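[1] okay, predicted coordinates and the sequence, questions at the end:
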Amino acid sequence: MNKYPIKEIFKIHGGVNGLTEKIIYENQAKKPEDNIIVFSGATDESFLLPKVNKNLVINGKPIKIFSKNKKYIIVARKGKAGLMKLIRGINFTINDDAYIMELKKPFQNKVNLEYFIFKYQSVFFTFVSSKDANGTFSKEIAQNYEIELEPMEIQNEFIKIYNKKQNIINKLNNMILKIDKQIKKIVIPDKSKTKKFLIKDLFLHFQGHQLTDKYIYDNKGNIPVYSGSNNEIKGYINKPLFENKERLPVIIYQTKGNNLFKSKVINHLFNTNNTAVLWIKKSKKNIININYINMIIALNLKLSISSQEGVSYIDRKILHTEIFLPDIEIQNKIYKEYEKLLNIKTKLKSILQQIENN
């Protein structure tokens, strides 16, 4: 298989020097059809610069126009330095923060541009001067990099399969987004039909014990011990946090670690290693679906658990969180619908992960 330097396969065009946002705004054509798209170093349509007059002249030179009848690869020189994207079907120009790679005639039927981007994107990121926001893509290094060209039928077949896979992934992601939107709709009850409470008005609060690994080892049993850093089981012990089963179910939430805040409902006897525990006040038992409360906490309380804030800060945030509580029948109905949607979302995410990993 022959190797070629990139400069032998592609002609690499620099951007238009001096094509600033100010110049663009000052040079809008009277006829909309005379304005063309301007790409920048972001290489993303959501970061497109405003359109500019295709007949613009800067420093005595007409701006470069790239034809909608050809396919190109745009490479960010600054901004998202090294990022590549395929452009086709539009007339456009670029500013000085990007390069355009155009296949030379001898290679126009030997390179699938989508395949090239897929195979060499990670390599192109290594041609950037630094990994921070100030990094600059080096055309000089890139154009001398040698690549191997597989037969065109192999490139085309790979992209056919890859695009099919991406279409499935995109559809699954869209379905997950729709479920998230639906969840937001159902979990917001009509406030005129609710009563406002603080968590501390509804629950008693308790902090777990400091249970060392040695203590758990010396007191083995079948009662799970939940860790204060992630709410996961870290061992089993012979004594629960409390013997009274009437206190169940409870909500436990993490108070340490560097993860995003986690809470869960526990229905069985357990012990904790500094995990915080909320159990329902007796006077409120008949008005609370504890799963509904945990759902509200999980969806609406965006806490970052860090050692800087400390346990007292997290507890204070939790206990002073406002809950708009509808009647128990409405809570049950909302949570049932939420659970149904969440199960669908979990299954979709599992399928998505399988596809992405294959």
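    Yep, it's here. Computed from a predicted structure; not experimentally measured. Numbers count the residues shown, from 1 in each chain.

[2] remind me which residues of this structure are low pLDDT?
    Within the chain, the stretches with pLDDT under 70 are 1, 43-48, 133, 257-260, 302-312.

[3] could you redo the last one with a cut-off of 80?
    For the chain, the stretches with pLDDT under 80 are 1-2, 41-49, 130-134, 188-192, 228-230, 244-246, 255-261, 274, 300-314, 358.

[4] taking the centroid of it, which residue is nearest it?
    Nearest residue to the geometric centre of the chain (C-alpha atoms, centre = their mean): Asn173, 11.0 Å.

[5] quick one: the helix or strand hosting that one to chain centroid distance?
    Per DSSP states H and E, Asn173 falls inside helix 152-186. Here the centre of helix 152-186 is set off from its chain's centre by 15 Å, with C-alpha atoms, centre = their mean, to the nearest Å.

[6] that one: which residues count as buried?
    With burial defined by 16 or more other C-beta atoms under 10 Å, the residues of helix 152-186 counted as buried are Gln155, Phe158, Ile159, Leu172, Ile179, Ile183. Heads up, the C-betas are built off the backbone N, CA and C, glycines and all.

[7] and which of those residues is nearest to Ile344?
    Closest approach between these and Ile344, by C-beta to C-beta: Ile179, at 6.2 Å.

[8] I'd like the distance between that closest one and Ile252.
    The spacing between Ile179 and Ile252, counted by C-beta to C-beta, to the nearest Å, is 26 Å.

[9] and for Ile73?
    To Ile252, Ile73 is 52 Å away according to C-beta to C-beta.

[10] how about Lys110?
    The gap separating Lys110 from Ile252 is 61 Å, by C-beta to C-beta.

[11] quick one, which of the two is more surrounded?
    Neighbours around Lys110 and Ile252, counted as other C-beta atoms under 10 Å, are more numerous at Ile252. The numbers are 24 against 15.

[12] got phi/psi on that one?
    phi -110, psi 150 (degrees, to the nearest 10).

[13] that one and Thr346, how far apart?
    Relative to Thr346, and taking C-beta to C-beta, Ile252 is found at 21 Å.

[14] could I get the contacting residues of the residue lying farthest from the centre of the chain?
    Largest separation from the mean C-alpha position in the chain: Gly60, at 45.2 Å (C-alpha atoms, centre = their mean). Contacts for Gly60 (C-beta atoms under 8 Å, 6 or more residues apart in numbering) come out as none.

[15] next one: it from Leu269, what distance?
    Per C-beta to C-beta, Gly60 is found 83 Å from Leu269.

[16] other SSEs contacting the helix holding Asn173?
    Applying 3 or more C-beta pairs under 8 Å, 6 or more residues apart in numbering; DSSP states H and E, one finds that helix 152-186 contacts helix 113-125, helix 328-357.

[17] could I get those in a markdown table, plus columns for distance to Lys195 and mean neighbour count?
    A markdown table is the format used below for these (distance: least, C-beta to C-beta, whole Å; neighbours: other C-beta atoms under 10 Å):
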| stretch | distance to Lys195 | mean neighbour count |
| --- | --- | --- |
| helix 113-125 | 54 | 17 |
| helix 328-357 | 12 | 14 |
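
[18] to Asp190, which of those lies closest?
    helix 328-357 (9.0 Å).

[19] could you give the angle of the closest one to helix 152-186?
    Angle of helix 328-357 versus helix 152-186, following axes from the mean of the first three to the mean of the last three C-alpha atoms, to 10 degrees, is 170 degrees.

[20] can you get me the start-to-end distance on stretch 54-65?
    Distance across stretch 54-65, first residue to last, is 7 Å (C-alpha to C-alpha, to the nearest Å).

[21] that stretch: which residues count as buried?
    The neighbour-count check on stretch 54-65 (16+ other C-beta under 10 Å) flags Lys54, Leu56, Ile63 as buried.

[22] with stretch 234-245 instead?
    By 16+ other C-beta under 10 Å, the buried positions in stretch 234-245 come out as Lys234, Gly235, Ile237, Pro240, Leu241, Phe242.

[23] residues contacting the second one?
    Just to be clear, that refers to Gly235. Per C-beta under 8 Å, 6+ apart, neighbours of Gly235: Asp213, Ile216, Tyr217, Pro224, Val225.

[24] is it in a bridge, and if so with what?
    Gly235 forms beta bridges with Val225, as assigned by DSSP bridges.

[25] could you chop the chain up by domain?
    For the chain, automatic domain parsing gives the domain ranges 3-150, 195-325.

[26] returning to what we had before: so how far is Leu113 from the residue farthest from the centre of the chain?
    Gly60 is 33 Å from Leu113, by C-beta to C-beta.

[27] how about the contacts made by the residue lying closest to Ala142 once chain neighbours are set aside?
    Among residues not flanking Ala142 along the chain, Phe127 sits closest, at 4.7 Å (C-beta to C-beta, 6 or more residues apart in numbering). Neighbour list for Phe127: Gly82, Phe137, Ser138, Ile141, Ala142, Tyr145 [criterion: C-beta under 8 Å, 6+ apart].

[28] count the neighbours of the third one for me.
    Ser138 has 17 neighbours, counted by other C-beta under 10 Å.

[29] which phi and psi does it have?
    phi -100, psi 110.

[30] that one contacts Ser130, correct?
    No: here Ser138 lies out of contact with Ser130, judged by C-beta atoms under 8 Å, at a distance of 11.0 Å.

[31] all good on my end, thank you.
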